[in-house]
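Engineer: Predicted structure and sequence below. I'll ask about it afterward.
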Amino acid sequence: MPIHKVLVVDDSKTELLFLSTLLQKGGFQVRTAENAEEAFRSLAAEKPDMILMDVVMPGQNGFQLTRAISRDPLYADVPIVMCTSKNQETDKVWGMRQGARGYLTKPVDPAELQATIAALG
């Protein structure tokens, strides 16, 4: 399934702006959410083709949110890519165990993001 619509979930307005701009320049439609509650509202409003997920957020963190989304039959087919400053191998393994299909560390390399999206689409 080609990826056109991306939901970016991150509590940092700076990261949301950076990632959104990067994705929009790549021709993607982008919606953003700053926490788990906003992410679920956005999912209910319009199902994205992919989710770019931060880990460190207030309330429900990205690992918990990834697990909840990937286990929900309505959204289990939506690939989630973790996009975080947590760069330990154990973090990556844990993220993939929660249902992520990709793992990028910040600062995000635009070419690596593009390659990840291409591999999923």
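Structural biologist: Ah, there it is. Numbers count the residues shown, from 1 in each chain.
Engineer: Of all residues in the chain, which one is nearest the centre?
Structural biologist: residue 52 (1.5 Å; CA atoms, centre = their mean).
Engineer: Got phi/psi on that one?
Structural biologist: phi -100, psi 120 (degrees, to the nearest 10).
Engineer: need the contact list for residue 62.
Structural biologist: Residues in contact with residue 62 (CB atoms under 8 Å, 6 or more residues apart in numbering) are 9, 53, 54, 55, 56, 82, 84, 95. Every C-beta, even on glycine, is put in place using the N, C-alpha and C of the backbone.
Engineer: Cross those residues against strands and list the overlap.
Structural biologist: Counting by DSSP state E, the contacts of residue 62 place 9, 53, 82, 84 in strands.
Engineer: I figured residue 65 hits residue 9, correct?
Structural biologist: Yes: if you go by CB atoms under 8 Å, residue 65 and residue 9 touch, sitting 6.9 Å apart.
Engineer: what's the overlap in contacts for those two?
Structural biologist: The contact sets of residue 65 and residue 9 overlap at 36, 39, 53, 57 (CB under 8 Å, 6+ apart).
Engineer: ok, and the closest non-adjacent residue to the last one?
Structural biologist: With CB to CB, 6 or more residues apart in numbering as the criterion, residue 57 has its nearest non-adjacent residue at 4.4 Å, and that residue is residue 11.
Engineer: Now do the strands in the chain.
Structural biologist: All strands of the chain, identified by DSSP E, fall at 5-9, 29-33, 50-53, 80-84, 102-105.
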